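A.B. asks: here are the coordinates; sequence isn't available:
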């Protein structure tokens, strides 16, 4: 076996947003949650992580680069994922390249990992979920791990809890499990991305002057101090999981929206019930909620669901394209860009919705009229600059392998990021 | 009996702020709460309602003026209070004026009521609590009602729930009661205002661009939709009531502050868990909390407790005068007035704290250094104009009669507001 070969595998994995929230661990090390959760996978075209994993006998140690910058792999979360995948590695043969790796060799071989997010890492868009899912998925392919996606999800879970839900497309349930070793705490797909393909998702990336509590710290403090969390996890969420599964199965948007909004609000209520209290939503988040609530009430049935993770960004799920178009008009009316902003960089992702809404230039934004449900000047207020940008997307597929080697992030000659 | 006499009584009643919150009614008409609550009465020197009630055989109907403007008495809440007090009226004799009213006469006699708040009615400072307490107290005195203050509190309760707690000074408990007719749902004094006389209270009146949900509407929607409210009312509050009574009795500021802050946050958590969600606190409220929490943590034990009612205003309770001085410095550092504001109208109430803090002019505010616990530029940010003004006050006494007739708000000659 020549010593200068480099074998690579490249994968792309989506991010996901919970519609029934995960908040609180019953085991900090294994990352076992206090309740099950349900998420929708976001279209990787607009939000995804691409990861190349490479192995070579020439590599001296495991190394990783995130968005081009080398980062440490010494943390327990990376170590857990690497250890769990390595222990399940199989024989690998690449006849074309004349490479043969036996199961037992993997313990000695080192890997290089290069990962890249097609969206700002710090924007609070679940980059760690996509990241750990992609790492585990790519390593499993490279090392010929035979486990199915659910088993892999239980490994990704040990990197970042919500990562387990990024192993599937469509709607995904993370079953909390009962076992102490976490072996039954894993994700399953409820329906694939084609099941409910009317849905359109618009993300408002909200400007924030505050430094937010990390979700790891926030969860720990909620578990330790919130008197409402236990009641939520034990009494409320189990019922909501059943109802949400039904709503998804039956394309029941009214129930889906009611549950999604209520569960997002309850998660933030638990954050507020934590000592010291945690505020992830800010005035802009509140205004987006008020705008959606008022519209939904006026229509008589929910048109749009909202959900917020551990930050001020709003994830808005519209029942169909027409509704999404109307939503975008409302959002751009209340939250226009700053005067110096290019509309093209203010609404990103699937820009066709913008076009269908008849908005092609900044003057079209300026010409937007107040929505009909807006009754007075207070309600018609505009907040330019309070949203950084919007991303238009939709439910999407799960992880895929990128077999085109030109898409690899690691140079097979040097074994280093391109 | 001459037909042209006018008999008046004038009373002054404090407002109060709950430290264990009242949120949710089990009976909307009788105003019976889903849990007991505890409040501190605020010094009437700075925040109070003055009410004059007058009776004359010449009056054609019951009439009321609030802050000089006539308002309707037709609402159920006023009618309930008037009916309950009238039914308990006794014989009244004023020998000096030669007036004699018999018990049975009260059913036919009409009253004029003039009420005045020494603070902005719309600022969200529990004006209805002080208002209904004062109305009931003054009417009871005028009509020679023999019931004790607790019995009167059960009548004031039917005007505005929290009004029952304004019948006493110091710390007050509203016992939720069990009876269906509400007869045992009334207030009792826990300790008078002299018991814990170190405490200093600073109220930050926060500027708001939003129109807030009224507490009546908010409570109803929480009772109907929040899945957390029942758990709070039945499981959490009863324990906190016991702990709070202990903390107050023993001057245990650490427990008092912990319970006060936690209960305020939990009340707002329940509001957020309501559908549609209710946001009373805004970014400024959150920043005040963060400032206090950081300081308390740095000191190793609570120096200041915060509590927020159905609005963005912060009520801050400092353990003693020295702490209050340091608190005011911190607040003025982060929330200075707008450049055109007069310091004299920006910090009102007991201004001696301002003087002790060495702040006499605007340039003293500008010269304030960041508090020692502030570590970076984000934490040291200033938000000029985000607070409208501060009120410095302390725990205070209950209702009093103003026997000096020159203080009456109704002219005994005309029977109309002066």
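C.D. replies: Sure, I can see it. Model, not experiment: these values are computed from the prediction.

A.B. asks: Up against chain B, what does chain A have?
C.D. replies: Within chain A, the positions adjacent to chain B are A:209-211, A:227-228, A:231-232, A:235-236, A:258, A:261-262, A:265-266, A:268-270, A:272-277, A:279, A:282-283, A:286, A:289-290, A:293, A:297, A:378, A:381 by C-beta under 8 Å from any C-beta of the partner chain. Just so you know, the C-beta spots here come from the backbone N, C-alpha and C atoms, and that holds for glycine as well.

A.B. asks: can you rerun that using 6 Å?
C.D. replies: A:227-228, A:231, A:236, A:262, A:265-266, A:268-269, A:272-273, A:275-277, A:279, A:282-283, A:286, A:293 (C-beta under 6 Å from any C-beta of the partner chain).

A.B. asks: Return the subset of these lying in helices.
C.D. replies: A:231, A:262, A:265-266, A:268-269, A:272, A:283, A:286, A:293 (DSSP state H).

A.B. asks: Out of those residues, which end up buried?
C.D. replies: Buried members of these, scored by 16 or more other C-beta atoms under 10 Å in any protein chain shown, are A:231, A:262, A:265-266, A:268-269, A:272, A:283, A:286, A:293.

A.B. asks: Which members of the residues you listed are the farthest-apart pair?
C.D. replies: Maximum pairwise distance in those, criterion C-beta to C-beta, is 28.4 Å, between A:231 and A:283.

A.B. asks: Pull the contacting residues for residue A:345.
C.D. replies: With contact set as C-beta atoms under 6 Å, 6 or more residues apart in numbering or on different chains, residue A:345 has no partners.

A.B. asks: Kindly report the same for the one 5 residues further on.
C.D. replies: Applying C-beta under 6 Å, 6+ apart, we find residue A:350 in contact with residue A:392.

A.B. asks: Quick one, grab the pLDDT at it.
C.D. replies: Listed pLDDT for residue A:350 reads 95.

A.B. asks: what's the answer for residue A:212, then?
C.D. replies: Residue A:212 is given a pLDDT of 79.

A.B. asks: swap in residue A:123?
C.D. replies: pLDDT, residue A:123: 64.

A.B. asks: The one 3 residues further on now?
C.D. replies: Taken from the predicted model, the pLDDT recorded for residue A:126 is 71.

A.B. asks: can you give me the helices for the stretch 251-400 of chain A?
C.D. replies: Listed in chain order, the helices of the stretch 251-400 of chain A (DSSP state H, counting those that start in this stretch) span A:253-272, A:283-299, A:321-334, A:343-346, A:352-356, A:362-366.

A.B. asks: Tell me which of those helices sits most buried.
C.D. replies: helix A:253-272 (a mean of 24; mean count of other C-beta atoms under 10 Å in any protein chain shown).

A.B. asks: tell me, how many neighbours does residue A:15 end up with?
C.D. replies: 31 (other C-beta atoms under 10 Å in any protein chain shown).

A.B. asks: Which residue comes closest to residue A:282 once chain neighbours are left out?
C.D. replies: residue A:312 (4.7 Å; C-beta to C-beta, 6 or more residues apart in numbering or on different chains).

A.B. asks: Let me know whether that neighbour touches residue A:211 as I believe.
C.D. replies: No: counting by C-beta atoms under 6 Å, residue A:211 is not a contact partner of residue A:312; they are 12.0 Å apart.

A.B. asks: Those two: which has the busier surroundings?
C.D. replies: residue A:312 (25 against 9).

A.B. asks: Report pLDDT for that one.
C.D. replies: According to the model, residue A:312 scores 95 on pLDDT.

A.B. asks: can you check residue A:270 too?
C.D. replies: pLDDT at residue A:270 comes out at 98.

A.B. asks: what's near enough to touch it?
C.D. replies: Counted by C-beta under 6 Å, 6+ apart, residue A:270 has contacts A:222, A:226, A:228-229, A:232.

A.B. asks: quick one: which of those is nearest residue B:242?
C.D. replies: The closest of those, once distances to residue B:242 are taken by C-beta to C-beta, is residue A:228, at 19.1 Å.

A.B. asks: what about the closest one, distance to residue B:357?
C.D. replies: 38 Å (C-beta to C-beta, to the nearest Å).

A.B. asks: For these two, indicate the residue with more neighbours.
C.D. replies: Neighbour count, other C-beta under 10 Å: between residue A:228 and residue B:357, residue A:228 has more, with 26 against 19.

A.B. asks: Now that that one has come up, it's in contact with residue B:226, right?
C.D. replies: No: counting by C-beta under 6 Å, residue A:228 stays clear of residue B:226, with 10.2 Å between them.

A.B. asks: where do the strands sit along the stretch 51-200 of chain A?
C.D. replies: A:63-66, A:69-71, A:92-94, A:99-101, A:110-117, A:171-175, A:186-191, A:200-206 (DSSP state E, counting those that start in this stretch).
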